[in-house]
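Visitor: Just to be clear, the model below is a prediction. Sequence and coordinates:
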Amino acid sequence: MAFFSKTIAICILEVLFLLTLKCYADENCETLPTEIHVTKEEYDDMGSLVRSCSGEVNVNKCEGICNSQVQPSVVTPTGFLKECFCCKENYLRERLVTLTHCYDADGLRLVDEDRAIMEVRLREPAECKCYKCGDYSR
């Protein structure tokens, strides 16, 4: 009887392993390029608008499908074990972008070299992958 129980346990583990492989194969979490419109305003010490700059910027985003599952459970209070996975950044990289459409507080386009452009730091996904939803410990 012990041999039979071990055989069943091994078969169950093999099935779980194959299902896990299939789940990861179905995932499609990608780092994709996209274009966004960025506006940044600059204020003086008194809180008055000095200039406003904007531009179209190419950045990365995370997009895709991650496998989640719900299964019956006698251990959990709800009676179900839920595992939710989301496509999000593995890590972020910081970079400078240049905004080239700058205007003063009256809405007039700035042309002098020092004020006609603005450099802004932004952080974007450098790589995306599936993570357990709500897991902020990484």
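Guide: Yep, it's here.

Visitor: what about the strands in the protein?
Guide: Using DSSP state E, the strands assigned to the chain run over residues 28-43, 49-65, 69-72, 80-83, 85-99, 101-104, 118-132.

Visitor: Adjacent strands (with direction) for the last one?
Guide: For strand 118-132, the paired strands and their directions (DSSP bridges) read strand 85-99 (antiparallel).

Visitor: Out of the strands of the chain, which is closest to Asp112?
Guide: Nearest of the strands of the chain to Asp112, taken as Cβ to Cβ: strand 101-104 at 9.8 Å. For glycine as for every other residue, the C-beta is placed from the backbone atoms N, C-alpha and C.

Visitor: Export the strands of the chain to CSV and append columns for mean pLDDT, distance to Asp112 and mean neighbour count.
Guide: Below are the strands of the chain laid out as CSV (pLDDT from 0 to 100; distance: least, Cβ to Cβ, whole Å; neighbours: other Cβ atoms under 10 Å):
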stretch, mean pLDDT, distance to Asp112, mean neighbour count
strand 28-43, 96, 14, 13
strand 49-65, 96, 11, 16
strand 69-72, 87, 59, 10
strand 80-83, 87, 57, 12
strand 85-99, 95, 15, 15
strand 101-104, 96, 10, 16
strand 118-132, 95, 13, 16
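
Visitor: can you redo these as CSV with distance to Leu110?
Guide: Shown next, in CSV, are the strands of the chain (distance: least, Cβ to Cβ, whole Å):
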stretch, distance to Leu110
strand 28-43, 11
strand 49-65, 6
strand 69-72, 55
strand 80-83, 53
strand 85-99, 11
strand 101-104, 4
strand 118-132, 10
